[in-house]
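# Got a predicted structure here, sequence first:
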Amino acid sequence: MYDYIFMVVLVFYGIVLGSFINAWVWRTHKGLSIARGRSKCPSCKHTLAWYDLVPVMSYIVLRGKCRYCVGRISYQYPLVEASTGLLFGLLYWSLVPVGLYGWVQFVILLMASVLLVAGFVYDALYMELPEKYMLPAITLGILSLGLKALQGGWDSLLPQLAGLAVIVLAYTALWYFSRGKWLGAGDIRLVAIMGLFLEPKALVVGIFATYILGAIYGLFVLSKSINKRGVKVPFGPFLIIGFYIGLLYGLALADWYLGYL
């Protein structure tokens, strides 16, 4: 019973943080501080009241329009809010943290998730992964890895450290030899985050899922595009989706596949 209650509370906090992420992404793009100033309508610049900023509900009540200028509000806002809440609930339901160590690791993951969702949205909108999202997430990944070492010893992390080194070197080589045309420096930081949080088998599944989903989406976009040479698809969102597939289902999928062989 308490697990369900806590999960509902966690979903609520995720939705609230999703609203924060929307504001953070917009202010980052505009070069504004998230800590200063009131939220404003992007269209008419009118300062928004607190009742205009209730996550998801305000969008529904206002029917997707600004209260003051009747300009359209992007569906991005409720979608990011609801998705962040659902992600938090799914993480708790799937990972079920136990003990102090488990809860500390879970909180680290939630903090990293806020940064990854922000990176997902920013890259999807502007084809860029800002350092202010990626570098703190890498720091959290190092902290998570350090806690694993305290529990099981550094020897137990050798396979994960090897996987981290291989994936980062591989992506760095792709970036260098393509001169940044195939992927960006932000993507290298993202795979480093994946390697810091995921065990080798989960990492392989996550990377594999990334390319499968990216290829499907790329083919869909190309089929709808007239100027196919000018089409650009952000890679970061697919890496982030692949990260969560690896985190939640990677070990089970890898064991299933190896057992099938």
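Perfect, thanks for sending it. Numbering: from 1, shown residues only.
# Let me see the contact set for Ser83.
Applying CB atoms under 8 Å, 6 or more residues apart in numbering, we find Ser83 in contact with Gly18, Val117. The C-beta positions use only the backbone N, C-alpha and C, and glycine is treated the same way.
# Where do the helices of the stretch 51-200 of the chain begin and end?
Listed in chain order, the helices of the stretch 51-200 of the chain (DSSP state H, counting those that start in this stretch) span 57-61, 76-95, 99-126, 131-152, 158-177, 185-197, 200-224.
# Redo those helices as JSON lines? Include mean pLDDT and distance to Thr28.
Below are these laid out as JSON lines (pLDDT from 0 to 100; distance: least, CB to CB, whole Å):
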{"stretch": "helix 57-61", "mean pLDDT": "88", "distance to Thr28": "21"}
{"stretch": "helix 76-95", "mean pLDDT": "95", "distance to Thr28": "14"}
{"stretch": "helix 99-126", "mean pLDDT": "95", "distance to Thr28": "7"}
{"stretch": "helix 131-152", "mean pLDDT": "93", "distance to Thr28": "7"}
{"stretch": "helix 158-177", "mean pLDDT": "92", "distance to Thr28": "23"}
{"stretch": "helix 185-197", "mean pLDDT": "94", "distance to Thr28": "13"}
{"stretch": "helix 200-224", "mean pLDDT": "89", "distance to Thr28": "24"}
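# Tyr77 reaches Ala23, doesn't it?
No: using CB atoms under 8 Å, Tyr77 is not in contact with Ala23, being 9.4 Å away.
# With neighbour numbers in mind, choose between these two.
Taking neighbours as other CB atoms under 10 Å, Tyr77 and Ala23 compare with Tyr77 leading, 21 against 14.
# Not counting its neighbours along the chain, what's nearest the more buried one?
Excluding its sequence neighbours, the residue lying closest to Tyr77 (CB to CB, 6 or more residues apart in numbering) is Asn22, at 5.2 Å.
# That neighbour: what's it in contact with?
Counting by CB under 8 Å, 6+ apart, Asn22 has contacts Gln76, Tyr77, Val80, Glu81, Val121.
# now these in TSV, with distance to Leu213?
TSV is the format used below for the contacts of Asn22 (distance: CB to CB, whole Å):
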residue	distance to Leu213
Gln76	20
Tyr77	24
Val80	19
Glu81	23
Val121	17
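# Now the two most distant members of the residues you listed.
Glu81 and Val121 (11.0 Å; CB to CB).
# Was I right to think Ser43 contacts Arg67?
No: counting by CB under 8 Å, Ser43 does not reach Arg67; the two are 11.5 Å apart.
# Next one: the residue nearest to Arg27 when sequence neighbours are not counted, what pLDDT does it get?
Distances taken as CB to CB, 6+ apart place Ile34 nearest to Arg27, at 5.2 Å, with adjacent residues excluded. Ile34 carries a pLDDT score of 83 in this model.
# before we move on, what about Val231?
66.
# same deal with Phe243?
Per-residue confidence (pLDDT) for Phe243: 97.
# who touches it in this structure?
Contact analysis of Phe243 by CB under 8 Å, 6+ apart lists Leu116, Leu190, Ile193, Met194, Phe197, Leu198, Gly206.
# can you state the direction angle for the helix or strand harbouring it and helix 76-95?
Taking DSSP states H and E as the criterion, Phe243 maps to helix 236-260. Angle, helix 236-260 to helix 76-95, by axes from the mean of the first three to the mean of the last three CA atoms, to 10 degrees: 30 degrees.
# Is it correct that Asp125 is in contact with Val25?
If you look again at residue 125, you'll see it is Leu, not Asp. Yes: assessed by CB under 8 Å, Leu125 is found in contact with Val25 at 7.1 Å.
# Perfect, I'm done here.
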